[in-house]
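>>> sharing a model that was predicted from the sequence below.
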Amino acid sequence: MIFIKLKSGRDVYVEEFKYNRTYEGRLGGIPNAKVNIEIVNRQEWHDAWNHTWATYVIQPSEEEMMNYLPFAVYKVKLASYKPVNKIWDNSSLVVIWFDELPGERPLKEIIKKAVFSIDWDKYAEDGIV
């Protein structure tokens, strides 16, 4: 299991991780702002039960949106044993971001780089993990 301490001091762990190529499935054409906005806006998390999870998409830079998005889209479902509002006994958040292909980088490094500064209390939700 991968554990990460966020900048806020909250401990989270990785429940699930997925990634694929940003332009996967596109058969032709040159990326542009319209295509990139469509790609970013349709990012979501699917699970076997079709449950909707609290999700935060880290937006690409304006330059990336106008030209080419990074080659990979990453999705991680994070959980914490500490709730946000003390309604339940835990909290969770799906984070989605665009970055370079993983190459030789360790998985924990890829995830931590993206999620370290996330405002967990603002975006996560309490409930069943």
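Everything's here; your move. Numbering: from 1, shown residues only.

>>> quick one: strands adjacent to the longest strand along the chain?
Identified as the longest strand of the chain according to DSSP state E is strand 11-21. Take DSSP bridges as the rule and strand 11-21 pairs in its sheet with strand 3-5 (antiparallel), strand 72-80 (antiparallel).

>>> return the most buried member of the ones you listed.
Among the strands paired with strand 11-21, strand 72-80 has the highest mean neighbour count (mean count of other CB atoms under 10 Å), at a mean of 21. From N, CA and C alone the C-beta is placed, and that goes for glycine too.

>>> Throw the strands paired with strand 11-21 into TSV and include distance to residue 28 and mean pLDDT, thanks.
Output for these, formatted as TSV (distance: least, CB to CB, whole Å; pLDDT from 0 to 100):
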stretch	distance to residue 28	mean pLDDT
strand 3-5	39	98
strand 72-80	20	96
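
>>> low-scoring stretches of this protein, by residue?
46-51, 128-129 (pLDDT under 70).

>>> repeat the analysis, applying 80 as the threshold.
27-28, 45-52, 87, 128-129 (pLDDT under 80).

>>> what ranges does it have for its strands?
Listed in chain order, the strands of the chain (DSSP E) span 3-5, 11-21, 55-57, 72-80, 91-99, 125-126.

>>> nearest to residue 112 among those strands would be which one?
strand 3-5 (5.1 Å; CB to CB).

>>> now do the closest one: everything it contacts.
With contacts defined as CB atoms under 8 Å, 6 or more residues apart in numbering, strand 3-5 is touched by 11-14, 78, 108, 111-112, 115-116.
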